[in-house]
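Trainee: here are the coordinates; sequence isn't available:
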């Protein structure tokens, strides 16, 4: 379930930057309500709430540029353009939450990738070092 939540946040960001007109405040509230029903813990709900606030900023940025012909085709580049590395901070926090829920090498790799997106450097530990520190 933990990576599914991260995937849902990615789909939200991708949708917002590629189709900003479709993502009204009501639609974002509906998206968030899927998680408020107790399917995840409070910490993850808080992180996702921050994600919705970032999604609103992304939406507003791309709404103002909706007619731009040279917009990057990849949604990740659109997030980077609008918010830079800070656009991925929520994603990193959610990946770290996911790793605590499911300490697995695959989840670790996702977290390390998000760390690089935010910090612009590799994660300083291997999975085995991370496990030993827990």
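Mentor: Looks like it arrived, so ask away. Just so it is clear, the structure is predicted and the values come from calculations on it, not from any experiment. Residues are numbered from 1 along each chain as shown.

Trainee: residues contacting the residue nearest the centre of the chain?
Mentor: By CA atoms, centre = their mean, the mean C-alpha position of the chain lies nearest to residue 91, the distance being 3.2 Å. Counting by CB atoms under 8 Å, 6 or more residues apart in numbering, residue 91 touches 6, 9-10, 13, 51, 114, 117-118. C-beta here means a position set from N, CA and C on the backbone, and glycine is covered the same way.

Trainee: in helices only, show me those residues.
Mentor: Among these, the residues falling in helices (DSSP state H) are 6, 9-10, 13, 51, 114, 117-118.

Trainee: want to throw those residues into JSON lines with pLDDT and distance to residue 100?
Mentor: Formatted as JSON lines, the ones in helices among the contacts of residue 91 follow (pLDDT from 0 to 100; distance: CB to CB, whole Å):
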{"residue": "6", "pLDDT": "90", "distance to residue 100": "13"}
{"residue": "9", "pLDDT": "94", "distance to residue 100": "16"}
{"residue": "10", "pLDDT": "95", "distance to residue 100": "19"}
{"residue": "13", "pLDDT": "97", "distance to residue 100": "22"}
{"residue": "51", "pLDDT": "95", "distance to residue 100": "17"}
{"residue": "114", "pLDDT": "94", "distance to residue 100": "14"}
{"residue": "117", "pLDDT": "92", "distance to residue 100": "19"}
{"residue": "118", "pLDDT": "93", "distance to residue 100": "17"}
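
Trainee: from the residues you listed, pick the one nearest residue 41.
Mentor: residue 6 (14.3 Å; CB to CB).
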